[in-house]
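A.B. asks: take this sequence and fold it.
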Amino acid sequence: MKTELIERFAAIVGPAYAITDQQALLPHLVETRGLYHGASPLLLKPANTAEVSDILTLASETGTVIVPQSGNTGHAGGQTPREGHEDVLISLERMNKVREVDLAANTMTVDAGCILDNLHKIAEENSRMFPLSLGSQGSCQIGGNLSTNAGGTQVLAYGNARHLCLGLEVVLPTGEIWDGLRKLKKDNTGYDLRDLFIGAEGTLGVITAAVLKLFPRPRGHEVAFCGLASAENALAFFQMAQDVCGNALTGFELMVRLGVEFTLRNIPGVRDPLASPYPWYVLVDISTTDHEDSARQMMEALLTEASERGLVLDASIASSSTQARAFWHMRESMSEAQKPEGGSIKHDVSVPVSKIPEFMAEAEKAVLAFIPGARVCAFGHLGDGNIHYNISQPVGADKQAFIAQWRDVNKIVHGLVLKFNGSISAEHGIGQLKRDELAAIRPAIEMDLMRRIKRAFDPAHIMNPDKVLKV
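C.D. replies: Residues are numbered from 1 along each chain as shown. Now for the predicted structure:
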C-alpha cells in the first residue's frame, strides 16, 4: 500500500491509532485456532462512528478492502485478513462506551467495541441481566457477537444474539450511516434491515452500536452436574426438565466422559464433581425470579424424579456460587482442554434435539471407521440442538497428518448433519472455513439472493471479501 494512502487513513484516527508495525499487527493476523494466517499493512482504531464513516468513505473512493475485527475470538476465519492482499483491519476497541441504560424499557444502548463481560457487569449494577454468555466473554466484543450471531450457553431460554438485539447503528461500505437504534419490540415498518447485518460477518457494513435487551436478574439460581448412562437418557432427562421447569430452565449442557477426562487432565484446578465416572454428563442450570428458594426446590424435584426413573445415576447440586462457576468452568474449558491432546478437528453443528442421540451414534461409528483410534470429544447445548462435535487425534498419531484429514472428516460429519436436516454452522458462522461448503449445500436461488444483497450493499466489494460467500 502506498505511503500516501496509509497517511490519509492515519489522519482520520490519528497516528497513534494507525498501526503499521508488523510485530504489533501479528496477533491480528492469525485466527484463534491457527487455521488462517493473513496479511495487512494497516490496523485502524477509530474513536467514534464519524471516524468509521470517514474510513469507509475513503476506502470506497480508493477501492481499499476493509476487514472488521472485534476481539479476534471467532472460529471460522471471518475476522482474518486474506493472504497476498492489502486488506486494512479496523478495530472498534476504543468505541467501548455504554450510551444509555433504560430500565423502563429494559434496554442498554452500547458501542460495538464493548467487551461482553463488561456489559454483564453493567447490567448487574442495574439489577438486570444480559444473558449472552460465551467462553470468550472476557475478550470478545458485542459488535463481533452480533456480526456472527453468537449463541452461547443460554440460547435455550433467551435466544442467540439476534434475539437479544432490538436495534443497530451501522456504517455502510459507502460511508453512509444507518441509525437504526430503536428500542421498539414491535415495529412492522418494511424490511428488517437489522437482521441483515446480524450474522453477516462484516460483509455488508460495520456495526458501530446496538440496543440490547435486558432481563430481570434471577433471585434463585441453581446448577447441578449429573451423570448418565447414555445420550438417549440425556434426551429423556431434557424433556422431563422442560416439563418440570418450564421457562426457568436456562441451561442444559451435554458432555461425553472423554471431554471431562481431558478437562481434568489439562485444566489446572478442575475437579470431578462426581465420585464415580459416567459415560455421559449433563449440566443443568435453573434460574427463577420469584424468590431465592424456588430454584432449589425445582432442582431437587427434578433430580428426584429423574433418579426414580433411572435417567440420572448421580448428581451434585452446587452448594455455592463458587461451586456453580466451577461446574460451568468444567464445561466451558473442554475446547481448551483438547489442545494438549494434539490435533483436533472441530465441528459446530446443530440437529433437531430429538435426533441428537442418533446423530451421536452414527457420527462416532463413521468417524472411527475412517480414523481408527480417533477420540470423539462431543459436548454442547443439548437444549437447542447445538453440538460441538470435536475429534482429537489418536494417541501417538502425527498431528499434521491428522489435521490434513480435516476436509474429509468434515464431509463425514456434515453429511450426517444434513441427513438429519441440521446445520453445518450452529453458532460460529461461515467465515472462510465453511464458505465453499455453504455454496455446495444451499439451493442455487438462496446463494444468488445472498449475492444480490451483497452487491446491493457493497457495490465496490470492499467489505470483508471472500468471507461467507464469493461474489
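A.B. asks: so where do the strands sit in the stretch 1-150 of the chain?
C.D. replies: Secondary structure of the stretch 1-150 of the chain, counting by DSSP state E, counting those that start in this stretch: strands at 18-19, 43-44, 66-68, 88-90, 98-102, 107-111, 128-129.
A.B. asks: SS state for His461?
C.D. replies: Under DSSP: H, G, I helix; E, B strand; the rest coil, the three-state class of His461 is coil.
A.B. asks: surely it meets Lys467?
C.D. replies: No: under the criterion of C-beta atoms under 8 Å, His461 is not in contact with Lys467, lying 11.7 Å apart. Bear in mind the C-beta positions are built from the backbone N, C-alpha and C, glycine included.
A.B. asks: neighbour count winner among these two?
C.D. replies: Applying other C-beta atoms under 10 Å to His461 and Lys467 shows that Lys467 carries more neighbours, namely 24 against 15.
A.B. asks: now Leu132: how far from Leu92?
C.D. replies: Distance of Leu132 to Leu92, given as C-beta to C-beta, to the nearest Å: 17 Å.
A.B. asks: which parts of the stretch 201-350 of the chain are helices?
C.D. replies: Along the stretch 201-350 of the chain, counting by DSSP state H, counting those that start in this stretch, helices occupy 231-245, 257-266, 292-308, 321-332, 334-337.
A.B. asks: could you dump the strands of the stretch 1-150 of the chain to TSV with distance to Glu253, mean pLDDT and mean neighbour count?
C.D. replies: TSV is the format used below for those (distance: least, C-beta to C-beta, whole Å; pLDDT from 0 to 100; neighbours: other C-beta atoms under 10 Å):
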stretch	distance to Glu253	mean pLDDT	mean neighbour count
strand 18-19	39	98	20
strand 43-44	36	98	22
strand 66-68	31	98	26
strand 88-90	34	98	24
strand 98-102	30	97	15
strand 107-111	26	98	23
strand 128-129	19	96	19
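A.B. asks: closest to Leu214 out of those?
C.D. replies: Between Leu214 and those, the shortest separation by C-beta to C-beta is 4.1 Å, and it involves strand 128-129.
A.B. asks: that closest one pairs with which strands?
C.D. replies: When sheet partners are counted by DSSP bridges, strand 128-129 sits next to strand 215-216 (antiparallel).
A.B. asks: gap between the partner strand and the chain center?
C.D. replies: Centroid displacement of strand 215-216 relative to its chain, using C-alpha atoms, centre = their mean, to the nearest Å, is 22 Å.
A.B. asks: cool, and stretch 372-385?
C.D. replies: For stretch 372-385 - counting by C-alpha atoms, centre = their mean - the centre lies 16 Å from the chain centre.
A.B. asks: what of stretch 461-471?
C.D. replies: The answer for stretch 461-471 is 20 Å, by C-alpha atoms, centre = their mean.
A.B. asks: mind listing what's buried in it?
C.D. replies: Using 16 or more other C-beta atoms under 10 Å as the test for burial, stretch 461-471 gives Ile462, Met463, Asn464, Pro465, Asp466, Lys467, Val468, Leu469.
A.B. asks: same question for stretch 346-361.
C.D. replies: For stretch 346-361, burial by neighbour count (16+ other C-beta under 10 Å) applies to 346-351, 353, 355-360.
A.B. asks: ok, stretch 362-372 next?
C.D. replies: Neighbour-count burial for stretch 362-372, counted by 16+ other C-beta under 10 Å, picks out Glu362, Ala363, Glu364, Val367, Ile371.
A.B. asks: same thing with stretch 168-182?
C.D. replies: By 16+ other C-beta under 10 Å, the buried positions in stretch 168-182 come out as Leu168, Glu169, Val170, Val171, Leu172, Pro173, Thr174, Gly175, Ile177, Gly180, Leu181.
A.B. asks: what is the end-to-end distance of it?
C.D. replies: One end of stretch 168-182 to the other measures 7 Å (C-alpha to C-alpha, to the nearest Å).
A.B. asks: got a list of contacts for that stretch?
C.D. replies: The contact list for stretch 168-182, computed with C-beta atoms under 8 Å, 6 or more residues apart in numbering, reads 49, 52-60, 66, 109, 146, 166-167, 193-194, 197-198, 204-211, 457-460, 462-463.
A.B. asks: do the same with stretch 104-114
C.D. replies: Contact partners of stretch 104-114, identified using C-beta under 8 Å, 6+ apart, comprise 70, 91-102, 119, 122-123, 128, 130, 141-143, 146, 166-167, 181, 183, 206-215.
A.B. asks: how long is that stretch end to end?
C.D. replies: 22 Å.
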